Every structure is written in C-alpha cells, then in structure tokens.
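Participant: how does the following fold in three dimensions:
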Amino acid sequence: MTAIQWSDGAPIYRQLKERVIAMMLDGVLKPGDALPSVRQVAAEYQLNPITVSRAYQELADEALVEKRRGLGMYVTEEAARKLLVNERERFLREEWPLVLERIQRLGLSMEELMGPKAIGGTA
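Facilitator: Numbers count the residues shown, from 1 in each chain. This next block holds a predicted model:
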C-alpha cells in the first residue's frame, strides 16, 4: 500500500476500507491476491490492529475478501464485478447529480466537455 493521508471526516477504518476498495478497482489487488496482514498494515500506518481488523471484517462481510484459516485475507473472485456495480450505482446516485449541477451552473456544452481539452489534448 502507498502512503495514506487520513482525514478527520470519516473513521480511519472506513478510510482504510475505501483505500483497499480503490486498489481492487484499480487492479492493484486482483482476485486471489492476499491482503497485507493486519499486523503489517497496523505497523506501517501506525494504526491500532483493531482498526485494521474492522476494515478487513467489513470487506469480508461484503464478500470482497475471504478469510483463509492460517493464511490471511484474500480478494474474492467476484470482488471486481461486485465493486464495479456498487461503485457505478453510488456514483450515479451520489456524485453525478452534483457534477451535473456544476456543469449546468457553468453552462458547459457537450462539445466543451468531450473536446480535445477534456481528454488531455491541446486545442
């Protein structure tokens, strides 16, 4: 895992869980991959092991990871598909309305949004 900046806006266990989810969505953690041990994460980020365990337990409760006795936590085969569906729904429900409102407020056209500048070009 990379350096994490913890914010005061949400519990650390939830922020850690979201970071693991982002790594799954980005393909950093793939189905069958092992998560770093609770001790390893706790030591690396100076967290209480209970905090790390809580984040991992929520991932397990959502069937994104599975516990293999004596081996640790592993990303499940269906994690990527499940996350993509959940994240798309969440984006459309929570984030897109705010983005759309901002687009409308700024009076941006589809051409401006989809033009060369929008995809990193220079026009």
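Participant: strands of the chain, start to end?
Facilitator: Ranges of strands in the chain, per DSSP state E, are 65-68, 72-75.
Participant: any idea which residue sits dead centre in this structure?
Facilitator: Central residue of the chain (CA atoms, centre = their mean): residue 22, 2.6 Å from the mean position.
Participant: what does the model give that one for pLDDT?
Facilitator: You'll see residue 22 listed with a pLDDT of 91.
Participant: against residue 79, how distant is it?
Facilitator: 13 Å (CB to CB, to the nearest Å). (Each C-beta comes from the backbone N, C-alpha and C, glycine too.)
Participant: for residue 17, same thing?
Facilitator: From residue 17 over to residue 79 (counting by CB to CB), the distance is 13 Å.
Participant: okay, those two: which has more neighbours?
Facilitator: When residue 17 and residue 79 are compared for neighbours, residue 79 comes out ahead with 24 against 21, by other CB atoms under 10 Å.
Participant: so the more buried one makes contact with residue 23?
Facilitator: No - the pair residue 79 / residue 23 is not scored as a contact, 10.7 Å apart, by CB atoms under 8 Å.
Participant: overlap in contacts, those two.
Facilitator: Counting by CB atoms under 8 Å, 6 or more residues apart in numbering, residue 79 and residue 23 have no contacts in common.
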